[in-house]
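Visitor: from the sequence below, what's the structure:
(chains A and B)
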There are 2 protein chains.
Amino acid sequence: MEKLSPLQIERLKYQPKLPSSLAEGINGLEMVEGSATQSVRDQEQIQELFKNTYGKPVVTFKHSTMSKEAGVRNVGVILSGGQAPGGHNVIAGLYDALKQANSANKLYGFLGGPSGIIDGKYVEFDDKFIDAYRNTGGFDIIGSGRTKLETEEQFEKSLAVCKKLNISAVVIIGGDDSNTNAALLAEWFVKHNAGIQVIGCPKTIDGDLKNDQIEISFGFDTATKTYAELIGNIERDANSAKKYWHFVKIMGRSASHVALEAALQTQPNITLISEEVEEKKMSLESIINYMCDIIVKRADMGKNFGIAVIPEGLIEFIPEMKSMIANLNDIMASLENDSAFVNATTIRDKFDIVENRLEDNNAKVYASLPVLIKGQLLADRDPHGNVQVSKIETEKLLIEMISTRLEELKSQGEFIGKFNAQSHFFGYEGRCAFPSNFDADYCYSLGFNAFALISFGLTGYLSSVRNLTAPASEWVAGGIPLTMMMNMEKRHGEMKPVIQKALVKLDGPVFKQLEDNREDWAMNDRYLFPGAIQYFGPSCVCDVTTCTLQLERAKQLVNA
Amino acid sequence: MEKLSPLQIERLKYQPKLPSSLAEGINGLEMVEGSATQSVRDQEQIQELFKNTYGKPVVTFKHSTMSKEAGVRNVGVILSGGQAPGGHNVIAGLYDALKQANSANKLYGFLGGPSGIIDGKYVEFDDKFIDAYRNTGGFDIIGSGRTKLETEEQFEKSLAVCKKLNISAVVIIGGDDSNTNAALLAEWFVKHNAGIQVIGCPKTIDGDLKNDQIEISFGFDTATKTYAELIGNIERDANSAKKYWHFVKIMGRSASHVALEAALQTQPNITLISEEVEEKKMSLESIINYMCDIIVKRADMGKNFGIAVIPEGLIEFIPEMKSMIANLNDIMASLENDSAFVNATTIRDKFDIVENRLEDNNAKVYASLPVLIKGQLLADRDPHGNVQVSKIETEKLLIEMISTRLEELKSQGEFIGKFNAQSHFFGYEGRCAFPSNFDADYCYSLGFNAFALISFGLTGYLSSVRNLTAPASEWVAGGIPLTMMMNMEKRHGEMKPVIQKALVKLDGPVFKQLEDNREDWAMNDRYLFPGAIQYFGPSCVCDVTTCTLQLERAKQLVNA
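Guide: Below is the predicted model:
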């Protein structure tokens, strides 16, 4: 028999909570329809592209006294993109609802992400299979993948596979891009009278798939709590040893929600937010100066230690870096066949060649960077020949530039302390943690609810569970038309219909919480130690969700 | 009021468990003396150096029906060296016992480590002060430091400070070195009729302060569980995404207990153990080949992912690297004033100069290293001019050398897979976690017990709590003479009396557990997911200690 850890064994027994509307049974539901909807922007274009699925109403479910009889349905499910804690519970919830509706129903899992439905690679779930994955982290139940489901050919292949398995509904668990593709697939299936429904589920630890209808994507709760655990532990270490500045880079390429949430949970001395850097057009130098100012002032108080939290995507939000990287992407292609560059004997010769080719301002920016980073910018390019920004060690870039600046200040008598730094990057540590009780419950509800949407014949909807800061029994289950969240955006030079990505709002209540406190946190040590995620203890420890969700919900409720 | 996290609030309420002998009250104890003891080796020399404190018996405590009255005592406590979870509970246990014995007793905490007792920097604890730190991680209650308490002048200053505060006993919470110094201080106080006792407490996450008398040092349990949580999460991620090899370096410079324990808890594909590398005189090349072999075989099975766990101190245990670094330390001093080296325009020129100076074999080893590591070996030297081995990114060294080797194998048609790697280093994340229930109980008992040793007038003893795999009520409290654990070792060219450091025993049950399973774990994915440390749940999750302690105790009990 497979060996399991004690926590694995105990978590398998956990029964996730459902909204009371769903808890009474899948066959005893009544659907309440709202009025017709519009997309957030570009209504005409979106309607034109989604002739069959545009404008549908928001729906909610309530318990009905009439129980209906359910026919037999086969459903397929896909995990798409990066892992997020709770994905297994979405599938478990979907499975339980489907089997509760009619024990003859079948659930198929497509293997390795969207490519599974295209290539017809799948498994059929049964009780034993599902039971081994309840309340566990990871996407290993069927694997995930990053294939984009968007071409006519892919749709046709998917249709053939579904027909073969007699599948009449597909559930796609993914982020904004995957759900955009779910909307396209839904529209295509209707247009081709395929008789196959498509339902999405909002997944991403990044927390950037949210809007007026979706309070939060799943996984954000668990991942941010895991990062906050580690940052809190490091804060305590820094405050005990009193000799290191810890620079902690946190996963999240485009939005800084994760860094912001982790910061609210731990109250570090410095938090950088990419959206603020972009909005205020901050230069690398001004960021260095901001950080040095805090380091110098703390040193004046005798405190040669601290914590800085840095979002992974930072450098792409610094206007001058963005410009330099774009310029670099262009010239690197031309340098591929440049014999002087290819045959350069030292890396410094390569730096010089690159500097000479870059436009003036960009060359200046490039020249100002530490050797390590200059090298990383030239190394490892992605398949499109672009700089792999995720491989740039931004935390080390900042440490090195700050060190240099502090040495200057020291020689001018303006810095009297010491600066020893440690760098950290947290990302993979949090994407597959055991889901928190919140994520376990939320995901199970999302999956269960997805089948409710299927059973009412809907397509092109996102499974929606709202009122999430209330106890689970009071959560509101329903569905949001995917087109309602869409607008037109330029992608690879073409205007495309996409679900709007939610960036950190500088006038929102979450960023405001940081803004109102960061001066205090910078100088005085207000470190909070969240500790490890707890699954069994007092509800005040185990069932509380993120600061982000609480602050945003509080504001929504005030405005409502 | 200070803001606390929900877990902080709840953990402050936790009442740590005590051995039943101590739980009945500090004034109702009877001390049972064993027979006279010997040091582990070099008995004559150790006895000569510890004339007054050598040869004392092991003692244990049991509950007595007679309660005695206690006089008034002032005690001082010191935290020494790196943080370990539970240090605050040692102080809380000590405080509670001391106040229970006589409410007029006072406990002083020396600030910032051993320098606090030398410089007379201290605080006096009261209930409110102690209550804010119960069951929390970190050493921030009074701070820690690395000053070595070993010179005559330091002892004299310490004596003066103790006299001023009317302190008659000092408790030193530290690792092997700090406890060696505790033994020297105890001897010195007796020799000078100071009337001041010294008691040590076994602290270190490294797990290398253990022997026939000490089952484990505190902090090892919590730190290894924290690292295992993260490794397990990463394993789940690797097994979901199936596209990365994760190389995880784990804190622990000299012994590999931490890496070994973390590996037993998570069952990764590859685990390197420094002691094995040294014992088998493995070269860097043979380590690379061992790892490549597993990577290639897994790729043959279609698995281009995996996890490798690497102890922080690895490179110092590779004989050829050790030799090269020693040689490098020597020549770097001479290069400090070498104008060709100092004025070299490129780093490669520096590499060449170094290579020319190194002895042949060492030059070959140096030349074989990746540029990044060559640079790290020349950069940042410690105050003694030596390579700072902790700054060498061993995980990246291995990744780069393995990449190169795999490219060769690929060109020979012997590797058909892909190798994409991510590196991680876990250390600071675990040293200040909230102590597990085990460490919370163990530390509180060690501190409480330290006062019992004081109340019976002992000095030069290590606080000892044994039988640790049984429920806490059955733990055996007592004291071990520090000299019993000592032998003579060469330090900085001089023979010194020191407490033996415990390295991983290749013929011990813990390493054997790895050895018996690693071939299976390499190819088949036996990943275990321990998850976050739990404080409130079922006892099978919350109160289980490490594999290391369980395996070693089981063997001890069989042999007993």
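Visitor: distance check, residue A:122 against residue A:158.
Guide: Taking Cβ to Cβ, to the nearest Å as the measure, residue A:122 falls 12 Å from residue A:158. To be clear about C-beta, it is placed using only N, CA and C from the backbone, and glycine gets the same treatment.
Visitor: repeat for residue A:375
Guide: Distance from residue A:375 to residue A:158, by Cβ to Cβ: 43 Å.
Visitor: likewise residue A:364?
Guide: The gap separating residue A:364 from residue A:158 is 50 Å, by Cβ to Cβ.
Visitor: neighbour count winner among these two?
Guide: For residue A:364 versus residue A:158, the count of surrounding residues by other Cβ atoms under 10 Å in any protein chain shown is larger for residue A:158: 28 against 13.
Visitor: can you confirm that one is in a helix?
Guide: Yes - under DSSP: H, G, I helix; E, B strand; the rest coil, residue A:158 sits within a helix.
Visitor: what sits against the nearest residue to it once chain neighbours are set aside?
Guide: Among residues not flanking residue A:158 along the chain, residue A:117 sits closest, at 4.6 Å (Cβ to Cβ, 6 or more residues apart in numbering or on different chains). Residues near residue A:117 by Cβ atoms under 8 Å, 6 or more residues apart in numbering or on different chains: A:76, A:78, A:110, A:149, A:157, A:158, A:161, A:162, A:170.
Visitor: distance to residue B:389 for those - can I get that in a markdown table?
Guide: Shown next, in a markdown table, are the contacts of residue A:117 (distance: Cβ to Cβ, whole Å):
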| residue | distance to residue B:389 |
| --- | --- |
| A:76 | 53 |
| A:78 | 47 |
| A:110 | 48 |
| A:149 | 49 |
| A:157 | 55 |
| A:158 | 54 |
| A:161 | 55 |
| A:162 | 58 |
| A:170 | 54 |
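Visitor: now, these that are in helices?
Guide: A:157, A:158, A:161, A:162 (DSSP state H).
Visitor: now the third one, nearest residue through space, not along the chain?
Guide: Across the structure, with Cβ to Cβ, 6+ apart as the measure, the residue nearest residue A:161 apart from its sequence neighbours is residue A:120 (4.3 Å).
Visitor: give me the pLDDT for the one you found.
Guide: On the pLDDT scale, residue A:120 is placed at 98.
Visitor: just to revisit the earlier point, let me know the helix or strand that the residue nearest to residue A:158 is in.
Guide: helix A:115-119 (DSSP states H and E).
Visitor: so is the lengthiest helix in chain A next to chain B?
Guide: Longest helix in chain A, counting residues (DSSP H): helix A:220-241. Yes - interface with chain B: helix A:220-241 contributes A:226, A:229, A:230, A:232, A:233, A:234, A:236, A:237, A:239, A:240, A:241 (Cβ under 8 Å from any Cβ of the partner chain).
Visitor: could you do stretch A:268-278 as well?
Guide: No - residues of stretch A:268-278 contacting chain B under Cβ under 8 Å from any Cβ: none, with a closest distance of 13.7 Å.
Visitor: pLDDT on that stretch, on average?
Guide: On average, stretch A:268-278 scores 98.
Visitor: for stretch A:534-546, same thing?
Guide: pLDDT averaged over stretch A:534-546 gives 94.
Visitor: buried residues in that stretch, which are they?
Guide: A:534, A:535, A:536, A:537, A:541, A:542, A:543, A:544, A:545, A:546 (16 or more other Cβ atoms under 10 Å in any protein chain shown).
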